[in-house]
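[1] quick one: sequence and predicted model below, then my questions.
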Amino acid sequence: MIKSPRRSKQPKVSGDLVLATIDRLTREKAELLEEVRQLRAAVAIYQRIAEHVQERANDELPRTGTS
């Protein structure tokens, strides 16, 4: 007699646990998005500083050429 394969029983997860996990992940996502926003703002500031430094360096280079 051939037996059919047994189905593996998956553990039951309560709906409350699922909802709590969704809430936690949603909060974590919001925190990460806020952190990304702050990092992007910081990058924009540093880019402006770098541009300003580059402009100042270019202004201070000795002029070469014919006068």
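    Nice, thanks for sending it over.

[2] contacts and neighbour counts: CA atoms only from here.
    OK.

[3] can you list the low-confidence ranges for this structure?
    Scanning the chain for pLDDT under 70 picks out the ranges 1-7, 65-67.

[4] and the helices in it?
    Assignment of helices within the chain using DSSP state H yields the ranges 15-60.

[5] middle-most residue in this structure, spatially?
    Centrality entry for the chain: nearest residue to the mean C-alpha point is Val36, 4.8 Å, by CA atoms, centre = their mean.

[6] measure that residue to Asp16 for me?
    30 Å (CA to CA, to the nearest Å).

[7] go on, Glu51?
    To Asp16, Glu51 is 52 Å away according to CA to CA.

[8] so between these two, which is more surrounded?
    When Glu51 and Asp16 are compared for neighbours, Glu51 comes out ahead with 12 against 9, by other CA atoms under 10 Å.

[9] what about Asp59, neighbour count?
    Neighbourhood size, Asp59 [other CA under 10 Å]: 10.

[10] how near is it to Ser8?
    Noted for Asp59: a distance of 73 Å to Ser8, by CA to CA.

[11] equivalent analysis for Gln54, please.
    65 Å.

[12] between these two, who's got more neighbours?
    Gln54 (12 against 6).

[13] report the contact partners of the more buried one.
    For Gln54, the contact set (CA atoms under 8 Å, 6 or more residues apart in numbering) is empty.

[14] let's go with 10 Å and repeat that
    48, 60 (CA atoms under 10 Å, 6 or more residues apart in numbering).

[15] one more: Arg27?
    Taking CA under 10 Å, 6+ apart, we find Arg27 in contact with 21, 33.

[16] what is the neighbour count of Gln10?
    For Gln10, the count of nearby residues is 6 (other CA under 10 Å).

[17] same question, the one 5 residues further on
    For Gly15, the tally of surrounding residues (other CA under 10 Å) stands at 9.

[18] quick one: it from Ile22, how far?
    11 Å.

[19] overlap in contacts of the two?
    By CA under 10 Å, 6+ apart, no residue touches both Gly15 and Ile22.

[20] distance from the chain centre to stretch 39-46, please.
    Relative to its parent chain, stretch 39-46 has a centroid offset of 13 Å by CA atoms, centre = their mean, to the nearest Å.
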